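Peer 1: need a 3D model of the sequence below.
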Amino acid sequence: MGTLTIRNLNEETKQALRLRGAARGASMEEEARSILRAVVQSGISVEDLKKPAGEQSAWESLRGLRERHGTFDLDVPARTGVAGRRVAFEDS
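Peer 2: Next comes the predicted model:
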């Protein structure tokens with residue numbers, strides 16, 4: 001395994017890593033490794049991270065989710081043609 005030294009990390013980021021790790025019962029280093037692993041495996045680019053949320057259309061967001069996670073089919077139950085019993089409320 002390799003070693004990575006990150007210089008000039010501001011205190012706010014370091015503290016946020018420490019808190020995120022503690023919330024999961026992990027060290028700050030393990031939290032940083034988990035974040036790096038997730039970002040690298042997902043294919044997210046630095047440019048994607050810098051984009052304001054409103055800059056991407058809904059279609060682009062959905063397309064990105066499909067590319068990362070794939071698609072699936074839903075089982076739709078057959079229609080019976082019979083509606084459930086309806087309850088009528090009286091006006092009081």
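Peer 1: starting at the chain centroid, how far to stretch 7-20?
Peer 2: From the chain centre to the centre of stretch 7-20 is a distance of 21 Å (C-alpha atoms, centre = their mean, to the nearest Å).
Peer 1: helix or strand right after the helix or strand bottoming out on mean pLDDT in the chain?
Peer 2: Counting by mean pLDDT, DSSP states H and E, the chain has its least confident helix or strand at helix 46-50, which shows a mean of 72. Next helix or strand after helix 46-50 toward the C-terminus (DSSP states H and E): helix 58-69.
Peer 1: got a list of contacts for that following helix?
Peer 2: Here helix 58-69 makes contact (C-beta atoms under 8 Å, 6 or more residues apart in numbering) with 42-43, 56. In short, each C-beta sits where N, CA and C put it, glycine included.
Peer 1: which one among the residues you listed gets closest to Phe89?
Peer 2: Gln56 (45.0 Å; C-beta to C-beta).
Peer 1: residues contacting the closest one?
Peer 2: Gly64.
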